[in-house]
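Engineer: This is a predicted model, with the sequence first.
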Amino acid sequence: MTTIAFTTAGHDLTAALDPRFGRAANFLIYDAVQKSIRIIENQQGRSAAQGAGIQAAETLVRAGVDTLVTGHCGPKAFKVLDVAGVKVFNCSAATVDQALNELLADRLTAAERSDVEGHW
Amino acid sequence: MSKEHIRELVVLSGKGGTGKTSITASFALLADKAVLADCDVDAADLHLLLTPMVEQRHAFMSGNEAVIRQQDCTACGVCMDSCRFDAIRRDGAAYRIDPVACEGCSVCYRICPAKAIDFPERVCGEWMVSSTRSGPMVHAQLGVAAENSGKLVTMVREQAWTVAVDKRLPLIISDGPPGIGCPVIASLSGVSLAVVITEPTVSGLHDLQRLLALARHFSVPTAVCVNKWDINPQQTERIEAAAEAAGAAILERIRYDRSVTQAQLQQKAVVELDAAAGNDIRVIWKQVTELL
Amino acid sequence: MEASGKRSYRIAVASGKGGTGKTTVALNLAAMFGEPVQLADCDVEEPNINLFLRCDQLVPPEVAMLVPQVDPRHCNGCGACGELCQFRGIVAIGSRALVFPELCHGCGGCALVCPSGAITERPHRIGTVSTGQSGIIRLVEGRLEVGVSLVPPVIRAVREQLLDDLPAILDAPPGTSCPVVATLRECDYLLLVTDPTPFGLHDLKLAVALARELNLACGVVVNRAGEDLVGLHGYCRSENIPILLSLPDDRQIAEVLSRGELVARVFPEYGLMFAELAAKLKQQLAAAGGTP
């Protein structure tokens, strides 16, 4: 658990956690070793006619992410992340830093399957 | 307004022409603070009742399409053989792509030995943000024979959400597309409540059952309203019984009333006229707000 | 259109929006056609015609689309398939390729570009097409699986089940987007059903624009014809589109319809009107260069 992605519309740790995965505006990537953050835009996922979640999952895999914290993750995106070995944590925290604290305090459990029906 | 406090209502009908748009317009006027989203992008008619003033206009791009550069084409025919959509035809010595049939799969573009095929983005229509007497409205128009209304529906809904957050409006009301295909799925997923307007006909019952099955598939709560119920009271009973069995809430019925067409002619919603059907819709709106 | 000289003519019945009485017109026209005719239900999301014909349908053959399957023993994880796919139907992740049949359009491109021959194609069920007989009418009905959003391949399969030596009437889905275009391909004439309301006229204009885009001759049926307050007749005259039939706004029609019966069979005067419509259509086709 070194490269952690959060879904958000914002650009820093105080921003709100976006409950959507595939059509979230940005991914905030937290590097647990360097304790640094960077932003990846989810341009391709949002502009996909269909399969937004799959596209977003590909973006994260390509960015070398090993952990995802989001509200809900659909079945297709989950399948992609699962195959790539990315752990998915569903979280209802309001902001990214709250979600990060919950994750680091071990209060979240990794999802074993998608928690919602796909919607695209 | 934070997103968690915004509710989204979609009005669907399965089969078209059941009065869905007239009822949606009435809901919008009865709702105090709401954003309207016209997701019936195949035949967007809400603007005919609410005469929107367009404030923003944007091109809607979706997917790509293949185009042969005739000057570079060697007429080898490989593209035509590889197209599964019958979109490439021989025209004398030349090959042409029928833009209507092209699915935008990119196979011909990749396979062309002369690299004579371009694959530009496709303009499919436009979307607009407008103001109406019922509040802000997001609507769209697909180009003739354009594809992919599912993505346009998603875009209209997203823009409606943006407007709701910006203007602190707690409700989004969507006029949903007909059918049960990709545009309907795009308009239905993740909403707080789907109101299904139906008619007491054999087709009405049949379409309703398919639509309720779809809503169940996406875990969306449903409420059903029979429009023009007095045309066939027995069938109305059957429809309501079937809807209840499928787990939908049953709303007040709307009677057959020619003022609905009168309202259309005056570019008004039924509730803006002194009409019996308008009174029925007022009762329904109260029931809907309780379900939301 | 590149219709072969031998094929009998095909008439599509469409409208810019649903609920204009399109299916009613198609059904009654077929019933009064005066000779054996095929009736194709291309509204595959809501096939309704057999609710009226009630014919015993043959075992429905499946409509399948070819989707890829990956042999992991041969996949070297190069990613060429995922890079080609425009629809996220196949995704390359690490050393594996994942297939999502719901998103696949069946273009075959991934199998084509795979350098290691790891991709073959297998059929994936997306709907059914069944046929039946009711008097002079040979019914061909397409039906989409619930939850599937790819409509055009099912419509294509309906067209493929039509016999070449019988004329055909195709009942199109509502709207003007891809499924309608899929229905109109290889048709010789487009019959548009509308009503004299602002919605009806607006949607008729969209449908006429589509007919022009596809180079199709068209004619109009006015349903629920009352006083023409919206200038429907003037519009048709200015566009040089003949009005082939006006059905009165008769509550009896709605009642017959709601019982699942054919108005042309219940009331002889309506039977005559539809027989006349059939005769006029045959004239129109002859004038347009068809071979009725």
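Structural biologist: Happy to help now that I have it.
Engineer: all helices in the stretch 151-292 of chain C, in order from the N-terminus.
Structural biologist: For the stretch 151-292 of chain C, the helices defined by DSSP state H, counting those that start in this stretch cover C:152-161, C:178-184, C:198-213, C:232-238, C:251-258, C:263-266, C:268-287.
Engineer: what comes up buried for the third one?
Structural biologist: Spelled out, it's helix C:198-213. Across helix C:198-213, burial judged by 16 or more other C-beta atoms under 10 Å in any protein chain shown covers C:198-204, C:206-208, C:210-211, C:213. Just so you know, the C-beta spots here come from the backbone N, C-alpha and C atoms, and that holds for glycine as well.
Engineer: ditto for the fifth one
Structural biologist: Buried positions in helix C:251-258, judged by neighbour count with 16+ other C-beta under 10 Å: C:253-254, C:256-258.
Engineer: for chain A, longest helix please?
Structural biologist: What stands out as the longest helix in chain A, according to DSSP state H, is helix A:52-62.
Engineer: Pull the distance from that one to the chain's centre.
Structural biologist: Chain-centre distance of helix A:52-62: 10 Å, with C-alpha atoms, centre = their mean, to the nearest Å.
Engineer: circling back to that earlier point, closest one to chain B out of the buried residues of helix C:251-258, please.
Structural biologist: Closest approach to chain B among the buried residues of helix C:251-258 (C-beta to the nearest C-beta): C:S258, at 4.0 Å.
Engineer: for that closest one, what are its contacts?
Structural biologist: Going by C-beta atoms under 8 Å, 6 or more residues apart in numbering or on different chains, C:S258 touches B:199-202, B:231-232, B:235.
Engineer: now the strands: where do they sit in chain A?
Structural biologist: All strands of chain A, identified by DSSP state E, fall at A:3-8, A:26-31, A:36-41, A:67-70, A:87-90.
Engineer: nearest residue to the residue of chain A found nearest chain C other than its sequence neighbours?
Structural biologist: For chain A, the residue closest to chain C is A:G51, as judged by C-beta to the nearest C-beta, at 2.9 Å. Leaving aside its sequence neighbours, A:G51 sits nearest to C:R88 (C-beta to C-beta, 6 or more residues apart in numbering or on different chains; 2.9 Å).
Engineer: From A:V96, how far off is A:T14?
Structural biologist: Distance, A:T14 to A:V96, using C-beta to C-beta, to the nearest Å: 7 Å.
Engineer: Which of the helices and strands in chain C ranks last by mean pLDDT?
Structural biologist: helix C:251-258 (a mean of 85; mean pLDDT, DSSP states H and E).
Engineer: what's the burial count for the residue in chain C positioned nearest to chain B?
Structural biologist: When scored by C-beta to the nearest C-beta, chain C has C:G19 as its residue closest to chain B, at 0.8 Å. Using other C-beta atoms under 10 Å in any protein chain shown, C:G19 has 23 other residues around it.
Engineer: can you check C:L162 too?
Structural biologist: 20.
Engineer: for it, what are its contacts?
Structural biologist: C:L162 neighbours (C-beta under 8 Å, 6+ apart): C:10, C:38, C:40, C:140, C:168.
Engineer: Next, work out how far apart the first one and C:A211 are.
Structural biologist: C:R10 is 14 Å from C:A211, where distance means C-beta to C-beta.
Engineer: Same check on the second one?
Structural biologist: If you measure C:Q38 against C:A211 using C-beta to C-beta, the figure is 21 Å.
Engineer: for the fourth one, same thing?
Structural biologist: Noted for C:V140: a distance of 23 Å to C:A211, by C-beta to C-beta.
Engineer: Can you list the low-confidence ranges for chain A?
Structural biologist: Residues of chain A that meet the criterion pLDDT under 70 lie in A:46-47, A:49, A:115-120.
Engineer: For the helix or strand harbouring C:V25, list the C-alpha coordinates in CSV.
Structural biologist: Take DSSP states H and E as the rule and C:V25 turns out to sit in helix C:22-31. In CSV, the C-alpha atoms belonging to helix C:22-31 read as follows (Å, rounded to 0.1, in the frame of the first residue of the first chain):
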residue,chain,number,x,y,z
LYS,C,22,-47.1,4.2,-35.7
THR,C,23,-47.7,0.6,-34.7
THR,C,24,-51.5,1.0,-35.2
VAL,C,25,-50.9,2.2,-38.7
ALA,C,26,-48.4,-0.5,-39.6
LEU,C,27,-50.7,-3.2,-38.3
ASN,C,28,-53.9,-2.0,-39.9
LEU,C,29,-52.0,-1.4,-43.2
ALA,C,30,-50.7,-4.9,-43.2
ALA,C,31,-54.1,-6.4,-42.3
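Engineer: Is there proximity between it and chain B?
Structural biologist: Yes - using C-beta under 8 Å from any C-beta of the partner chain, helix C:22-31 reaches chain B at C:T23.
Engineer: what separates that helix from the chain centre, distance-wise?
Structural biologist: Here helix C:22-31 is found 14 Å from its chain centre; the criterion is C-alpha atoms, centre = their mean.
Engineer: can you pull the buried residues of it?
Structural biologist: Neighbour counts over helix C:22-31 (16+ other C-beta under 10 Å) mark C:22-31 as buried.
Engineer: same deal with stretch B:269-282?
Structural biologist: Those would be B:269-273, B:275, B:277-281, for stretch B:269-282 by 16+ other C-beta under 10 Å.
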